[in-house]
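Participant: my questions are about this predicted structure, shown below with the sequence.
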Amino acid sequence: MLEVRNCVLDLPAGTVDYIRFGSGPKPLILIPGVGDGLKTVKGMAWPFALLYRQLAGEFTVYVFSRRRTLIPGMSTRDMADDLNAAMEALGLFGARMVGVSQGGMIAQWLALDHPDKVGKLVLTVTLSRPNATIRNVIAGWLEMADRGDYKGIMLDTAERSYAKKRLKRAEYRLLGNIGKPKSFERFRIQAMSCMTHDADDQLPHILCPTLVIGGTEDKIVTGQASVEMAERIRDCQLFMYEGLGHGLYEEAPDFLKRISAFCR
């Protein structure tokens, strides 16, 4: 039977929600994107476990949120330090690290500043420095957050993410305010950290084997951002999904098999 846990970790810097599932001998860490600013992984162990159950046999999978209370001005590098503290507390070293979107930005700094924590690195639909596309996207999301327009953020994210519409526009409208946060402050801080993230010059110093995965139709970070990262990381493989965008980790049927094969 699949072992699934919702967990809380109290660290000096603050409280971190995380989930754990699977029973494999090697730890695999998933770092979600900026949507974590709207809702942490609290209570989400089973949905994640079902979505990523293909990994649960070979790995013990951890999914870490950012700390519940973020400080204005925090950077992706600060968030990587928080993740390092959480891994230290749990005794996790040499883990397989899978960062998605903003999670990939955090993963870059973790591999650079705390290389003992990362055995292999997967950077999915992410970038190493901001470009015009993500600046425009984040600016729009921040405007919506200022208006309290949760539904608008969700709809815009979906329309920019999926090459195939997984849900019709009308179905997104039915979401209403379900899941709407009491405050958009965490989301603002996380979104702003994407605008200031810049690890590009440091990428050649990543020492662990790395897999970069991108989509040619990515309308949030662009596919070119994946190509540019892969060119700067020494021990790196690049795989581009033709015709898929930012949501490829949900749409590509072989995504988890590709992750598992590399991390194995």
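Facilitator: Done, it's in. Numbers count the residues shown, from 1 in each chain.
Participant: so where do the strands sit in the stretch 151-264 of the chain?
Facilitator: 210-215, 236-241 (DSSP state E, counting those that start in this stretch).
Participant: R264 is nearest to which of the ones you listed?
Facilitator: R264 lies closest to strand 210-215 among the strands of the stretch 151-264 of the chain, at 11.7 Å (CB to CB). C-beta coordinates here come from the backbone N, C-alpha and C atoms, glycine included.
Participant: what lies in contact with that closest one?
Facilitator: 111, 120-125, 163, 223, 225-227, 229-230, 233, 235-241, 243-246, 248-249, 255, 258-259, 262 (CB atoms under 8 Å, 6 or more residues apart in numbering).
Participant: can you get me a residue count around L256?
Facilitator: The tally of other residues near L256 (other CB atoms under 10 Å) stands at 16.
Participant: how about it: what's its closest non-neighbour residue?
Facilitator: Sequence neighbours aside, Q54 is the residue nearest to L256 in space, at 4.4 Å (criterion: CB to CB, 6 or more residues apart in numbering).
Participant: what count of nearby residues applies to the one you found?
Facilitator: Residues near Q54, counting by other CB under 10 Å: 13.
Participant: now do S183
Facilitator: Counted with other CB under 10 Å, S183 comes out at 9.
Participant: which of the contacts of strand 210-215 are buried?
Facilitator: Neighbour-count burial (16 or more other CB atoms under 10 Å) applied to the contacts of strand 210-215 gives 111, 120-125, 163, 223, 225-226, 229-230, 233, 236, 238-241, 244-246, 248-249, 255, 258-259, 262.
Participant: give me the subset of the residues you listed lying in helices.
Facilitator: A111, G223, A225, S226, M229, A230, L248, Y249, F255, R258, I259, F262 (DSSP state H).
Participant: distance of the fourth one from G91?
Facilitator: Applying CB to CB, to the nearest Å, one obtains 32 Å for the distance of S226 from G91.
Participant: and the fifth one, by the same measure?
Facilitator: M229 sits 30 Å away from G91 when distances are taken as CB to CB.
Participant: same thing with the first one?
Facilitator: According to CB to CB, A111 stands 19 Å off from G91.
Participant: the residue nearest to I71 when sequence neighbours are not counted and R232, how far apart?
Facilitator: Nearest non-adjacent residue to I71, counting by CB to CB, 6+ apart: I189, 7.5 Å away. Separation of I189 from R232 (CB to CB) stands at 27 Å.
Participant: before we move on, what about K257?
Facilitator: 27 Å.
Participant: quick one: which of those two has more around it?
Facilitator: R232 (17 against 12).
Participant: please name the nearest non-neighbouring residue to the more buried one.
Facilitator: L203 (4.0 Å).
Participant: follow-up on the earlier one: how about the residue nearest to L256, what does it touch?
Facilitator: Going by CB under 8 Å, 6+ apart, Q54 touches L256, K257, S260.
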